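# sequence first, predicted coordinates after that:
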Amino acid sequence: EDQVTQSPEALRLQEGESSSLNCSYTVSGLRGLFWYRQDPGKGPEFLFTLYSAGEEKEKERLKATLTKKESFLHITAPKPEDSATYLCAVLIGGSQGNLIFGKGTKLSVKP
Amino acid sequence: DAGVIQSPRHEVTEMGQEVTLRCKPISGHNSLFWYRQTMMRGLELLIYFNNNVPIDDSGMPEDRFSAKMPNASFSTLKIQPSEPRDSAVYFCASALGLSQFFGPGTRLTVL
């Protein structure tokens, strides 16, 4: 069964304390892995797409990496405005559009 | 740029009533997706369209749910009759390539 697992479920950081979020997947035929940010009461906001192992993408304090079995979202020197739930999703080979989402990691950054 | 537009943003209705959720995708996008988000199950795909044609509706929970896309700029998700277990946030997303962009969602409460 295709599965996406995110860890930890929740993460509390002090401002400036770097860390990483994990997304592990068990799927057949990965076509792409996606990271989204979701603020309370809003829709998921697209961050990155990764297509193959070894690929990396960066945006401000965020850096996403991909291996054959997992992806990491590295947050460098986070700020309180980085607080949100970060969702990982995978698009599998047999599907034209069916994203399988993980349950997310709720990040809180304290000043 | 206008993103994905959804209406209404909030809907409160009584069990047995018909509910219609509306979505306007980003102009030029050719794929449209309907998702449901709950605390228990996270984000789940209900149905998606490509060039206005339904491609995969395997996520639609039962016959009470139906979706249409009469043209490239409008889609509806209808629940008839509604039940309390349908209470959730419903998101619409659109895409041109593989990366999907989400609307703000409709929070549905069925009493």
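Looks like it arrived, so ask away.

# identify the bridge partners of A:Leu66.
According to DSSP bridges, the residues that bridge with A:Leu66 are A:Ser71.

# so what's it up against?
Taking Cβ atoms under 8 Å, 6 or more residues apart in numbering or on different chains as the definition of contact, the neighbours of A:Leu66 are A:Leu33, A:Leu50, A:Tyr51, A:Ser52, A:Ala53, A:Gly54, A:Glu55, A:Glu56. Every C-beta, even on glycine, is put in place using the N, C-alpha and C of the backbone.

# just the buried ones from those?
With neighbours counted by 16 or more other Cβ atoms under 10 Å in any protein chain shown, those contain buried members at A:Leu33, A:Leu50.

# residues touching the closest residue to chain A within chain B, list them.
The minimum distance from chain B to chain A, using Cβ to the nearest Cβ, falls at B:Phe102 (3.6 Å). B:Phe102 sits next to A:Tyr36, A:Gly43, A:Pro44, A:Glu45, A:Phe46, B:Val4, B:Tyr35, B:Phe91, B:Cys92, B:Ala93 when contact means Cβ under 8 Å, 6+ apart.

# switch the cut-off to 6 Å
A:Gly43, A:Pro44, B:Phe91, B:Ala93 (Cβ atoms under 6 Å, 6 or more residues apart in numbering or on different chains).

# got it, and A:Ser20?
When the contact criterion is Cβ under 6 Å, 6+ apart, the partners of A:Ser20 are A:Phe72, A:His74.

# check the secondary structure at it for me.
The assignment at A:Ser20 comes out as strand when based on DSSP: H, G, I helix; E, B strand; the rest coil.

# alpha carbons of stretch B:39-52, as CSV, please.
Below are the C-alpha coordinates for stretch B:39-52, written out as CSV (Å, rounded to 0.1, in the frame of the first residue of the first chain):
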residue,chain,number,x,y,z
MET,B,39,-8.3,15.9,11.6
MET,B,40,-8.6,12.2,11.5
ARG,B,41,-7.8,11.5,7.9
GLY,B,42,-5.8,14.5,6.8
LEU,B,43,-6.1,15.6,3.1
GLU,B,44,-7.8,13.2,0.8
LEU,B,45,-8.5,13.5,-2.9
LEU,B,46,-12.1,13.2,-3.8
ILE,B,47,-12.1,13.6,-7.6
TYR,B,48,-10.0,15.3,-10.3
PHE,B,49,-10.7,16.6,-13.8
ASN,B,50,-8.4,17.1,-16.7
ASN,B,51,-9.5,19.4,-19.5
ASN,B,52,-13.0,19.5,-17.8
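
# thanks a lot, catch you later.
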